[in-house]
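Asker: any chance you could fold what I've pasted below:
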Amino acid sequence: MAYQCRNSVVATRLSIVLALLAYALFPAVAARAASPDFGPGVLIFDPSMPAAAIQNAIDGVYAVQRHNEFGPQRNALLFLPGNYHVDVPVGYYTEVVGLGALPDDTRIAGNVHADASLPKNNATTNFWMAAEGFSVAPTGGNMQWAVSQAVPLRRMHIVGNLVLHQNHGWASGGWMSDDLVDGNVDSGSQQQWISRNCEWRTWTGSNWNMVFVGVVHPPAGKWPSPPYTEVPVTPIIREKPFLQVNKAGDFSVRVPSLRTNSTGITWRGGETPGRSIPIREFYIARAGVDTAASINAQLARGRNLLLTPGIYDLASPIRVTRPNTVVLGLGFATLRPIHGTAALTTADADGIIIAGLLFDAGPLQSPVLLQVGPDGSRASHRKNPISLHDVFFRVGGAGVGRTLVNLTINSNDTIVDHTWIWRADHGTGVGWNLNTSANGMVVNGTGVTIYGLFVEHHQQFQVLWNGNGGRTYFYQSEIPYDPPDQASYSSAAGVNGWASYKIASSVTAHEAWGLGIYSVFQHPGVVLSRAIETPRNPNVRFHDMITVCLGDKGEISNVINDTGGPTAIHPRVDRKVTDYPQTTADAGH
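Answerer: Below you'll find the model as predicted:
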């Protein structure tokens, strides 16, 4: 249930005014260079500013965003290289970014923290927050990051410990990558978590499924007890592009190089390898000013695209057609189609990068929100894949939204580096016949690799995988809460419900690690026959799976195909399967 903000409208508007006034009185960029115009949703801080002025501006943003789960405001807080002594609470739709080439170029002494937005330390609705590219020396030694979905923590140096919960209250899965933690990471009550290419001294805690890919010093132990899934190396990855400023004050976007078979952080030996694109080669778009037509005209001229914070109502799709185009959003820039079209489509071209965006379904049904490559894409992109980073999707919650599919991947060799694809279970415009969405993701391309796949509540298959050679590292999924009856939720004769993770019968090779699938049925008499449905083939392999029934109704009858057995409530029974096809006698417990 969404938490209702207790600030009055007047107080909220006053907070915005105070934040903007602080920004106006203390210009953030030194006179040595002019700052790009990123619009009113972006505050740029300079270490020469009085700490009190910086703090007032931060507090003004947080006063608006603290409980603003479905509000229209979007913010990015950018810190130029240097030293700061401030406290940075992070609310909804807020991205906190250090602008140095290295995380240690921007140093915050004090704290940066995400606090539970619900009573009783409950962080299960802490969505759409981000911290990236700076170091934190937290007061007291612990940085609290109590979060759930769509909350990336990237290129961070925590000079102390990292705590992923608030006083052991509930939190529901999250993401960290390219991070260095000097001390301990405590996952505590986190249901699931993925860490990719991180380094730390120690890790403590576990719940249902913790996944470590390319991590230095992963915790000891192995699934199912403790529930740790370790993949020693990351087979192929390109880190998310990031905004940076050099010593002369010039802005650019750093595009990290493609890495294969990697472990640990990219910046251990210095600057992250890659190329830098001057900001002048980007078109800087503004919500409420730019349209799909104006953006497409700039893309056609060969510009890259930077979308500043805000909601972009699109009458037609943004079309990315040129190889190596970078599309980067700041402050959870949100794309919303208003005429039943896609929000963004790409060509089947090498090296396109889409990063830092929220796709929000509009009131008229779209066929798809983001389409990577047209239908029938055939080109190989092994040497220079298309990649998606921190790309999130929402159907309903802020209002009625409708789509058939959220994300369709047609291009071969695409990399997805963290996504949450959510049909809302609370908020405005929520109901079985209101916020309609058949599938979260459909994969048609071959050789697609996904890290950090969160897909929830869609009305048919959450994930439908038609392409060969796919790989998934971490999967978290709640099936829909609200099927009114079994007849409304049956995929075939004799099959109850729609499997969460479906591999098409034509697929001959696929592999996935660390999957958790949960049910929270609201109506009696509704069950799911199987969480994962796959052809029986020795080259279609799954590792470390769990099913959980939350609430007091229904069940998931099997984990994968006819293996694993049913979940139960009274008494509570969760089901685990280690390998499928089975390589041991383990059939779940």
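
Asker: and residue 551, what pLDDT?
Answerer: With respect to pLDDT, residue 551 has a value of 87.

Asker: the one 3 residues further on now?
Answerer: pLDDT, the model's per-residue confidence, is 94 for residue 554.

Asker: residues near residue 230, how many?
Answerer: By other Cβ atoms under 10 Å, the residues close to residue 230 number 19. Every C-beta, even on glycine, is put in place using the N, C-alpha and C of the backbone.

Asker: check it and give its pLDDT.
Answerer: For residue 230, the model assigns a pLDDT of 98.

Asker: dig out what it forms beta bridges with.
Answerer: residue 212 (DSSP bridges).

Asker: now swap in residue 415 and tell me
Answerer: Those that pair with residue 415 in a beta bridge, by DSSP bridges, are residue 387, residue 449.

Asker: so where do the strands sit in the stretch 1-150 of the chain?
Answerer: 42-45, 75-79, 82-89, 94-98, 106-113, 129-132, 135-138, 142-144 (DSSP state E, counting those that start in this stretch).

Asker: OK, contacts around the closest residue to residue 410 other than its chain neighbours?
Answerer: Nearest residue to residue 410, sequence neighbours excluded (Cβ to Cβ, 6 or more residues apart in numbering): residue 373, at 3.7 Å. Residue 373 sits next to 346, 347, 348, 386, 409, 410, 411, 414, 445 when contact means Cβ atoms under 8 Å, 6 or more residues apart in numbering.

Asker: now do residue 524
Answerer: 553, 554.

Asker: and the pLDDT for it?
Answerer: 96.

Asker: checking it next. Helix, strand or coil?
Answerer: Three-state assignment for residue 524 (DSSP: H, G, I helix; E, B strand; the rest coil): coil.

Asker: where in the stretch 401-550 of the chain is pLDDT low?
Answerer: Along the stretch 401-550 of the chain, the model assigns pLDDT under 70 to no residue.

Asker: just the strands in it please.
Answerer: Under DSSP E, counting those that start in this stretch, the stretch 401-550 of the chain gives strands at 403-409, 415-423, 437-443, 449-456, 463-465, 470-478, 490-492, 495-496, 501-503, 510-519, 532-533, 540-549.

Asker: minimum distance to residue 529: which of the strands of the stretch 1-150 of the chain has it?
Answerer: strand 129-132 (36.2 Å; Cβ to Cβ).

Asker: strand partners (parallel or antiparallel) of that closest one?
Answerer: Strand pairing (DSSP bridges) places strand 129-132 next to strand 94-98 (parallel), strand 152-154 (parallel).

Asker: tell me which of the ones you listed sits most buried.
Answerer: Highest mean neighbour count among the strands paired with strand 129-132 (mean count of other Cβ atoms under 10 Å): strand 94-98, with a mean of 27.

Asker: got the angle between that strand and strand 106-113?
Answerer: 150 degrees (axes from the mean of the first three to the mean of the last three Cα atoms, to 10 degrees).

Asker: thinking again about what came up before, quick one, which of the strands of the stretch 1-150 of the chain is packed in tightest?
Answerer: Greatest burial across these, using mean count of other Cβ under 10 Å, falls to strand 94-98, with a mean of 27.

Asker: list the contacts of it.
Answerer: 61-62, 65, 75-79, 81, 88, 90, 105-106, 112, 129-135, 242-243, 330-332, 356.

Asker: quick revisit: can you redo the strands paired with strand 129-132 as CSV with distance to residue 562?
Answerer: Shown next, in CSV, are the strands paired with strand 129-132 (distance: least, Cβ to Cβ, whole Å):
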stretch, distance to residue 562
strand 94-98, 45
strand 152-154, 37
